[in-house]
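1. From the sequence below, what's the structure:
(2 chains)
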Amino acid sequence: MTSFDSDRHIDALAPALGLEIRPEWRAGVAGFLTVAAAMAELVEAAVDDSMAEAAPVYRPGEVAR
Amino acid sequence: MSVPTAAAIARAVAAGEVSARAVAQAALERIAAHDGRVGAFTDVTAARALAEAEAVDLARASGRPLGPLAGVPYAVKNLFDIARLPTLAGSAINRDHPPAATDAALVARLGRAGAVLLGGLNMGEYAYDFTGENAHYGPSRNPHDLERMSGGSSGGSGAAVAAGFVPLALGSDTNGSIRVPSALCGVFGLKPTYGRLPRTGSFPFCDSLDHLGPFARSAGDLALCYDALQGPDPHDPACAGRPVEPTLPELAKGLDGLRVAVAGGYFRTGAQPEALAAVDRVAKALGADREVDLPEAQRARAAAFLITNAESSAFHLDRLRRRAGDFDPDTRDRFLAGAMLPAAWVVKAQRFRRWYHDRVLSLFRDVDLILAPGTPCPAPRIGQKTMALGGAEVAVRPNLGLYTQPISFIGLPVAAVPVWGLGSLPLGVQVIAAPWREDLCLRAAAALEAMGVASAPVARL
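-> Here you go, the predicted structure:
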């Protein structure tokens, strides 16, 4: 995976989502994003095109009569 | 001290040896005397409890049939709707919500079984927690050592049962929130199969992974309560709609024929020695004769982390926009981060979940039960931020769920059984079965209790 820059990510995403990241929260938020990026790297390394089906399966219902 | 089990109370009430009102009154008095130091309850519903108890006594006096939990006191994590109370879910923000109009589905079911609700229980904010700490309501403390964590996020549920305030409590478990407090507080807990029990009327954390379940001080009580909770509910789309499959009659079958294995690899790595010793003691008692490897358990934990983080933050997005400053500082930063996760990370995590589910299920062709530690350590001190695991100093908060997260990730049923005698504090062992085989988890838990290997003594307060 490309190197993940949590500060740039926050600068781009927080305003787009309407989230305020106060200065005193920023280090914590960046830290958790860094942890998530490491988790994502682990998962991405194991997932390939043969694993196309996601766990949740949507089943349409029937019209109640 | 001697505090009767749910089964003993129900028997005594049905036989007229004691009134449900007297049982409720005694429980309320114990809570009033000791909960100021424990912090298990956020609301005590005394008037409701006495009214429900009197209704049980009236039913008995009138000769009407009594439910299997007649007169049994219980309490619920405060993310369950309790009619006429706001559903706090451990937050300050939800105090501004209007009171719930009706009870949660599982509260209603226990009420129909004759149980008596004593109140709402403390929890980590919005269930994003393994410690039982809460900046708004104070920590729920471990009744066996008040300076130590109860575990979370159902900390009040574990504490209320260990303190002998109630013989039964309900909690929720998304990544370990029933199993971690069960382990740290030394009580029995059941996380049923994902989709077994309806979440209707409970405040969500992460819909893809949320489970509800009971805590008790005996395996028999756990089965008694779980049987009263079962049944389909069309209002929860994840509820599988299976019929009631009673487990209590199964307990007498004991261990006969059960094939038991110990989870190796990931689940034998990083734990403190006493956590592994607890698994070994249970393994010996159950005659476990093999080790199995749950493939890619570390990636399963990572995928569970991503799904939880993104889905819960999306659920709270509006609150994060408007009132981020009112969150518990220990959850706020994680929720804010989760709101910004790239979609591909989460979608891949759900694809991995399917793969991992299929691989792990294939293990159950050859074994019936798999054993793993509940937590990697006994209860840390309240406020403790780091601990030594596997030769490294790691954060307490996420790592208490190290061994629970890869199991709930695919919704397997687990009985958490308490083991004592490996230090001054209890440890928990996960007894894990294939989906829909809660009966096997509970059979093993009952057998371990009968052998004296698992027990849940009431704390001295």
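2. For chain A, what is the nearest residue in the stretch 1-150 of chain B?
-> Nearest to chain A, among the residues of the stretch 1-150 of chain B, is residue B:128, at 11.0 Å (C-beta to the nearest C-beta). From N, CA and C alone the C-beta is placed, and that goes for glycine too.
3. burial measure for residue B:238, as a count.
-> The number of residues packed near residue B:238 is 17, by other C-beta atoms under 10 Å in any protein chain shown.
4. residues from chain A in reach of chain B?
-> A:9-10, A:13-14, A:17-22, A:25, A:28-33, A:35-36, A:38-40, A:42-47, A:51-56 (C-beta under 8 Å from any C-beta of the partner chain).
5. If any of these are buried, give me the PyMOL selection for them.
-> To isolate the buried subset of the residues of chain A next to chain B in PyMOL, counting by 16 or more other C-beta atoms under 10 Å in any protein chain shown, use the following:
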select buried, chain A and resi 9+10+13+14+19+21+25+28+29+30+32+33+35+36+39+40+42+43+44+46+47+51+54+55
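6. before we move on, back to that, not counting sequence-adjacent ones, nearest residue to the residue of the stretch 1-150 of chain B closest to chain A?
-> Excluding the flanking residues, the one nearest residue B:128 by C-beta to C-beta, 6 or more residues apart in numbering or on different chains is residue B:331, at 4.5 Å.
7. Equivalent analysis for residue A:37, please.
-> Nearest residue to residue A:37, sequence neighbours excluded (C-beta to C-beta, 6+ apart): residue A:4, at 3.9 Å.
8. now do residue B:182
-> Among residues not flanking residue B:182 along the chain, residue B:189 sits closest, at 3.3 Å (C-beta to C-beta, 6+ apart).
9. residue boundaries of the helices in chain A?
-> All helices of chain A, identified by DSSP state H, fall at A:6-17, A:23-46.
10. which residues are contacting the first one?
-> To tie it back to what came earlier, the one meant is helix A:6-17. Residues outside helix A:6-17 that contact it (C-beta atoms under 8 Å, 6 or more residues apart in numbering or on different chains) are A:19-21, A:26, A:29-31, A:33-34, A:37, B:317, B:321, B:336, B:339-340.
11. could you redo the last one with a cut-off of 7 Å?
-> Residues outside helix A:6-17 that contact it (C-beta atoms under 7 Å, 6 or more residues apart in numbering or on different chains): A:21, A:26, A:29-30, A:33-34, B:339-340.
12. now the residues you listed as JSON lines including distance to residue B:307 and pLDDT?
-> As requested, those are exported to JSON lines (distance: C-beta to C-beta, whole Å; pLDDT from 0 to 100):
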{"residue": "A:21", "distance to residue B:307": "23", "pLDDT": "98"}
{"residue": "A:26", "distance to residue B:307": "25", "pLDDT": "98"}
{"residue": "A:29", "distance to residue B:307": "19", "pLDDT": "98"}
{"residue": "A:30", "distance to residue B:307": "21", "pLDDT": "97"}
{"residue": "A:33", "distance to residue B:307": "16", "pLDDT": "98"}
{"residue": "A:34", "distance to residue B:307": "18", "pLDDT": "97"}
{"residue": "B:339", "distance to residue B:307": "14", "pLDDT": "98"}
{"residue": "B:340", "distance to residue B:307": "15", "pLDDT": "98"}
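13. Now distance to residue B:411 too, for these, in a markdown table please.
-> Shown next, in a markdown table, are those (distance: C-beta to C-beta, whole Å):
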| residue | distance to residue B:411 |
| --- | --- |
| A:21 | 34 |
| A:26 | 36 |
| A:29 | 30 |
| A:30 | 32 |
| A:33 | 27 |
| A:34 | 29 |
| B:339 | 25 |
| B:340 | 27 |
